[in-house]
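>>> fold the following and give me the result.
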Amino acid sequence: MNRIIFTTLYSALVAVNPFLFADQPADSSDIGEIKHSFFVVHGMTGGGWDWQIIDQLLSEKGQYVYRVTLTGLGERVHLASPSVGLETHISDVENSIAFENKHAVILVGHSYGGMVIGGVMDRIPEKISHGIFLDAIVPEHGKSVADLRPELLKFRVSEGMIHPAWISFDSLPPHDVPQSFKTLTDKVSFSNPKIVGIKVTFVVFSNNPLERQKRMINDHSWRRAEAMGWDIRHLISDHNAQRSKPEELVDLLLEIVN
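Okay, the predicted model is just below:
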């Protein structure tokens with residue numbers, strides 16, 4: 001009788017919730033890493049496509065990864081317009097975090113993406129647990145990319161769009177595309193006092209010690225990161241480690257956050 005009752009109850013529970021007795025997924029300790037939520041912001045003229053390998057490698061280690069593509073770039077190139085500014089790109093990331101409903105976010109910005117994640121840190125510091133600037137522009141309140149990196153102004157500007165020399169249309173997508181010039185001239189807000197509560201790491205990409213030494217002297221972002229007391233890390237790589245050194249970059253990211 002008891003066996004009949006048990007079988008009946010078991011069948012009823014499975015009918016109500018078929019997942020109740022299913023094998024449970026391994027927790028983060030089983031994969032050797034703490035699970036984090038990475039939101040990755042690409043550099044100037046790029047797109048989320050450029051971080052696909054990094055996404056794959058981090059995801060294989062149990063991490064959550066969201067590759068933001070900024071308005072007018074990558075697969076969102078159809079939205080390109082001279083009216084797109086830095087504030088638009090900051091909102092892209094802020095809304096991605098909100099609609100993914102994530103907290104304690106690891107915010108990663110590469111190159112121009114440093115200005116973007118700085119603006120996000122200023123807007124929603126309570127949702128960011130760590131900011132990682134990968135060979136990135138370090139924002140300064142009230143200044144623009146053009147103020148901090150005036151050498152970028154040498155590139156051709158046509159109909160409100162900047163065309164850096166590295167852009168090529170000789171191949172099928174994915175590839176870099178022109179970017180709204182307004183994104184380089186908009187001033188960034190980076191003054192929220194709550195930013196100081198966020199852990200921040202600045203990562204220098206350099207090919208050799210001599211190049212690193214020159215960067216240490218001439219790189220405004222590096223000097224500013226040191227002045228703010230940020231953790232400084234180094235990776236032997238060219239400027240696009242996501243392409244040339246993806247495994248090493250992923251190892252470094254996990255080392256930083258764990």
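>>> okay, and for the chain, where does confidence drop off?
Applying pLDDT under 70 to the chain picks out residues 1-33.
>>> what segments of it are helices?
2-16, 52-60, 86-100, 113-123, 145-148, 182-185, 209-218, 220-227, 241-244, 246-257 (DSSP state H).
>>> Gly113 and Glu159: what is the separation?
Using CB to CB, to the nearest Å, Gly113 is found at 24 Å from Glu159. For glycine as for every other residue, the C-beta is placed from the backbone atoms N, C-alpha and C.
>>> more neighbours, these two?
Gly113 (26 against 7; other CB atoms under 10 Å).
>>> which residue is nearest the middle of this protein?
Nearest to the geometric centre of the chain sits Val40, at 2.1 Å (CA atoms, centre = their mean).
>>> contacts only, for that residue.
48, 51, 54-55, 65-68, 108, 110 (CB atoms under 8 Å, 6 or more residues apart in numbering).
>>> again with Trp166
By CB under 8 Å, 6+ apart, the contact list for Trp166 reads 45, 176.
>>> repeat for the one 4 residues further on
Residues touching Asp170, when contacts are defined by CB under 8 Å, 6+ apart, are absent altogether.
>>> next one: the one 5 residues further on
The neighbours of His175, taking CB under 8 Å, 6+ apart as the test, are 167-169.
>>> who wins on neighbours among those?
Ile167 (15 neighbours).
>>> save the contacts of His175 as CSV, and put in distance to Glu247 too.
As requested, the contacts of His175 are arranged in CSV below (distance: CB to CB, whole Å):
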residue, distance to Glu247
Ile167, 27
Ser168, 26
Phe169, 30
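>>> so how many other residues sit close to the nearest residue to Ser180 once chain neighbours are set aside?
Sequence neighbours aside, Val84 is the residue nearest to Ser180 in space, at 4.2 Å (criterion: CB to CB, 6 or more residues apart in numbering). If you count neighbours by other CB under 10 Å, Val84 ends up with 24.
>>> Val84 reaches Pro178, doesn't it?
No. Between Val84 and Pro178 there is no contact under CB atoms under 8 Å: 11.1 Å.
>>> list the residues that contact both of the two?
Counting by CB under 8 Å, 6+ apart, nothing touches both Val84 and Pro178.
>>> Ile97: neighbour count?
21.
>>> contacting residues for it?
For Ile97, counting by CB under 8 Å, 6+ apart, the contacting residues are 39, 105, 120, 124, 127.
>>> look up how far Ile124 lies from it.
Applying CB to CB to Ile97 and Ile124 gives a distance of 7 Å.
>>> so which bits of stretch 214-233 are buried?
215, 219, 221-222, 224-225, 230 (16 or more other CB atoms under 10 Å).
>>> show me how far that stretch is from its chain's centre.
19 Å (CA atoms, centre = their mean, to the nearest Å).
>>> residue contacts, Val93?
Contact partners of Val93, counting by CB under 8 Å, 6+ apart, are 39, 41, 68, 70, 107, 116-117, 120.
>>> please repeat the previous calculation with a cut-off of 7 Å.
39, 41, 68, 116-117, 120 (CB atoms under 7 Å, 6 or more residues apart in numbering).
>>> can you go through the residues you listed and name the buried ones?
Counted by 16+ other CB under 10 Å, the contacts of Val93 give 39, 41, 68, 116-117, 120 as buried.
>>> can you redo these as JSON lines with distance to Leu79?
Formatted as JSON lines, those follow (distance: CB to CB, whole Å):
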{"residue": "Phe39", "distance to Leu79": "20"}
{"residue": "Val41", "distance to Leu79": "17"}
{"residue": "Val68", "distance to Leu79": "14"}
{"residue": "Val116", "distance to Leu79": "16"}
{"residue": "Ile117", "distance to Leu79": "20"}
{"residue": "Val120", "distance to Leu79": "19"}
